[in-house]
Each structure stands twice: as C-alpha cells, then as structure tokens.
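1. Coordinates only, no sequence provided:
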C-alpha cells in the first residue's frame, strides 16, 4: 500500500492487512515507527542480498546475476522508496555502505572485462538500479531469476541486434 500511496493512513493499512488500526498501534506507536520498521526490514534485506551475492569473492558474472536476482526479490517484497528515510543518519550510513559495496563490485566487473571501461564514470551504477526497478515493476510475471536474466542481458548487451 505504501508503495502505491506513501500517504496511506494507518486505518487503511490496517484494513488491508485485515486487522483493526488499534492492532497496528499496539505494535507501532506512530506512523513514523511503522515506516521505520518497514525501511529497517528493506535495508536488512538489501544487506543480505549483497552478502548472499558474494560480490567480492564469486566470479563476476555469477555475482552480478545473483545480486540482481536478490535485489529484484527485495524490490518486490519491500516496494517502498528509501529516499524518505535518508534524513536518518543511521539509515543513510547503511544505505551508503551498500552503495559503496556495489560500486566496488562494478569497478571489479569493469576491471575484469565484463563491463566496458569507456562508459561515463558511474553510468553502470546509475543504470543497474534503474533496470532492476523497471523489471521489478513492469514485468511482474517473470520470476526473480528470469527478471535477472533480462536485466543482466540488457546491462551487458543492450538492446541492439549486434
């Protein structure tokens, strides 16, 4: 609900969950506490996805596909925008650490020849999350592994016929 309507009320969230709003308020003192719990869960899922992908140890192509597949699953499980929580220093630090880890991996992918070195600096780091976001939302019929195939193929080969 919050992905579709970030301003959704606690009452409507409770109704969608099939509980009374008092049930929600017993667990969360405020709407902000509920949002914080959601963002915490998403960040934890992202950190696990990065760890599971083994971006520093696994062969680059394997790590790329595993990372993309994992993040697509996170995007579908937790389809909320983190930018609203980035004012929180702890959340921002965790998010920045995850971004740095992926940036290091993308440099490794470039150094090992999987990505072209002649692209503008940061282009892969900008394009990859956008592709994952698009496939997560636009191709819901694809499983995370199938969606990852589309993203990785698009990232590595583009849309051209050659």
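-> Received it, and whenever you're ready, just let me know what you need. Since the structure is predicted, the reported quantities are computational estimates derived from the model, not experimental observations.

2. so residue 128 is in which element?
-> Element membership for residue 128 (DSSP states H and E) is helix 123-138.

3. name the helices or strands packed onto that helix?
-> helix 60-77, helix 89-111, helix 144-157 (3 or more C-beta pairs under 8 Å, 6 or more residues apart in numbering; DSSP states H and E). Quick note: C-beta positions are derived from backbone N, CA and C, even for glycine.

4. Show me which positions of it end up buried.
-> Neighbour counts over helix 123-138 (16 or more other C-beta atoms under 10 Å) mark 124, 128, 131-133, 135-136 as buried.

5. if you compare the helices and strands packed on helix 123-138, which one is most tucked away?
-> Highest mean neighbour count among the helices and strands packed on helix 123-138 (mean count of other C-beta atoms under 10 Å): helix 60-77, with a mean of 20.

6. And the contacts of it?
-> Applying C-beta atoms under 8 Å, 6 or more residues apart in numbering, the contact partners of helix 60-77 are 42, 45-46, 48-50, 52-55, 57-58, 102, 105, 108-109, 112, 114, 128-129, 132-133, 135-137, 140, 144-145, 147-149, 151-152, 155.

7. Let me see the backbone angles for the residue lying farthest from the centre of the chain.
-> Ranked by distance from the centre of the chain (C-alpha atoms, centre = their mean), the top residue is residue 22, with 31.0 Å. Dihedral pair for residue 22: phi -60, psi -30, per degrees, to the nearest 10.

8. got TSV for the helices and strands packed on helix 123-138, with distance to residue 15 and mean pLDDT too?
-> Below are the helices and strands packed on helix 123-138 laid out as TSV (distance: least, C-beta to C-beta, whole Å; pLDDT from 0 to 100):
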stretch	distance to residue 15	mean pLDDT
helix 60-77	21	96
helix 89-111	28	93
helix 144-157	29	96
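
9. what's the closest of those helices to residue 12?
-> With C-beta to C-beta as the criterion, residue 12 lies closest to helix 60-77 of the helices and strands packed on helix 123-138, at 20.3 Å.

10. quick revisit: among the buried residues of helix 123-138, which one lies nearest to residue 160?
-> residue 131 (15.6 Å).
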